[in-house]
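[1] When you get a sec, could you give me coordinates for this:
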Amino acid sequence: MRTSKITLEEVKSSDGWNELMYDLLFEKYKLEHPELDDNEASDKFYTEKILSNFKWGDFGTITIEVDENLNIVGGKIHKTG
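    Sure thing, here's the model as predicted:
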């Protein structure tokens, strides 16, 4: 089956990118930094993880791979921060 890729640049989704990162990585980050309370951990996580991956924490670039039936079969979020 044939596939093709499209890149969507500068996709603005402030809440979306934040929620994605918190859902995937925040619990692990807190375990790695037990010296931080929840507020400190959240602030540092935003600076270290979100801003380093998403431009201003708001914009991301995505490559999506699609098959002949228009199903998403692969992709990547690119570091833009």
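
[2] Tell me the buried residues in the helix or strand Lys44 falls within?
    With elements taken from DSSP states H and E, the one containing Lys44 is helix 38-45. Judged by neighbour count (16 or more other C-beta atoms under 10 Å), helix 38-45 contains these buried residues: Ala41, Phe45. The way it works is simple: take the backbone N, C-alpha and C, and place the C-beta from them, glycine included.

[3] Could you list the residues in contact with the helix or strand following that helix?
    Next helix or strand after helix 38-45 toward the C-terminus (DSSP H and E): helix 51-53. Residues outside helix 51-53 that contact it (C-beta atoms under 8 Å, 6 or more residues apart in numbering) are Trp17, Met21, Gly57, Gly60, Ile77, Lys79, Thr80, Gly81.

[4] one step back: does anything pack onto the helix holding Lys44? Which helices or strands?
    Other elements packing on helix 38-45 under the criterion 3 or more C-beta pairs under 8 Å, 6 or more residues apart in numbering; DSSP states H and E are helix 27-32.

[5] buried residues in the helix it packs on?
    Here helix 27-32 shows Tyr29 as buried, counting by 16+ other C-beta under 10 Å.

[6] Just the CA atoms of that helix, as CSV, please.
    The C-alpha atoms that make up helix 27-32 are tabulated as CSV, following Å, rounded to 0.1, in the frame of the first residue of the first chain:
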residue,chain,number,x,y,z
GLU,A,27,4.7,12.0,36.2
LYS,A,28,8.2,10.7,35.2
TYR,A,29,9.6,14.2,35.6
LYS,A,30,8.2,14.5,39.1
LEU,A,31,9.8,11.1,40.0
GLU,A,32,13.1,12.3,38.7
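
[7] which one of the contacts of helix 51-53 sits closest to Leu8?
    Taking C-beta to C-beta as the measure, Leu8 sits nearest to Gly60 out of the contacts of helix 51-53, at 8.7 Å.
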